[in-house]
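*Asks:* Give me a model of this one.
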Amino acid sequence: QVRLVESGGGLVQPGGSLRLSCKVSGLTLGNHAIGWFRQAPGKEREGVSCIGGSGVNSVYGGSVKGRFTISRDNVKNTVFLQMSNLEPEDTAVYYCALEEVTSIYCELGDEYDYWGQGTQVTISS
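*Replies:* Presented below is the predicted three-dimensional model:
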């Protein structure tokens, strides 16, 4: 059974940083693409970033480009999202998701087959 578990969320002041982790079990992360998504209350889900199976290709949503960095450690079966210069608008539940089809590339609009339960990120002074 494939399972994704996010961690690392919390309350941070504007301008602060957080690192989210997505631990994958039940499947070798290998060449599967992973994406990070977020959903704020009353808003639609938004694609934040994704990373292809090779770790070379990555994509960022426009609102986070230059502030967030995605990375993966296939040995630890974990994907990370380093978030810096956080803004109140970044407040949301953050989810990681995995594509069952293996690929060295990713797109935020791809079909993601497995999802985590989410971790809350709150940016407030």
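*Asks:* which regions of this structure sit below the pLDDT cut-off?
*Replies:* Judged against pLDDT under 70, the chain has no low-scoring part.
*Asks:* In contact with the residue nearest the centre of the chain, which residues?
*Replies:* Centroid-nearest residue in the chain, with Cα atoms, centre = their mean: Trp36, separated by 2.5 Å. Contacts for Trp36 (Cβ atoms under 8 Å, 6 or more residues apart in numbering) come out as 20, 22, 47-50, 70, 79, 81, 94-97. The C-beta positions use only the backbone N, C-alpha and C, and glycine is treated the same way.
*Asks:* any idea which helix or strand carries the closest residue to it other than its chain neighbours?
*Replies:* Using Cβ to Cβ, 6 or more residues apart in numbering and skipping residues adjacent in sequence, the residue nearest Trp36 is Val48, 4.3 Å away. Per DSSP states H and E: Val48 is located in strand 46-51.
*Asks:* And Arg38, by the same measure?
*Replies:* Using DSSP H and E, Arg38 falls in strand 32-39.
*Asks:* which non-adjacent residue is nearest Phe80?
*Replies:* Ser71 (4.9 Å).
*Asks:* Now the element after the longest strand along the chain, going C-ward?
*Replies:* Ordering each strand of the chain by length in residues (DSSP state E) puts strand 92-102 first. Once strand 92-102 ends, the next helix or strand along the chain (criterion: DSSP H and E) is strand 114-115.
*Asks:* Who are the packing partners of the following helix or strand past that next one?
*Replies:* Next helix or strand after strand 114-115 toward the C-terminus (DSSP H and E): strand 119-123. Judged by 3 or more Cβ pairs under 8 Å, 6 or more residues apart in numbering; DSSP states H and E, the packing partners of strand 119-123 are strand 10-12, strand 18-25, strand 92-102.
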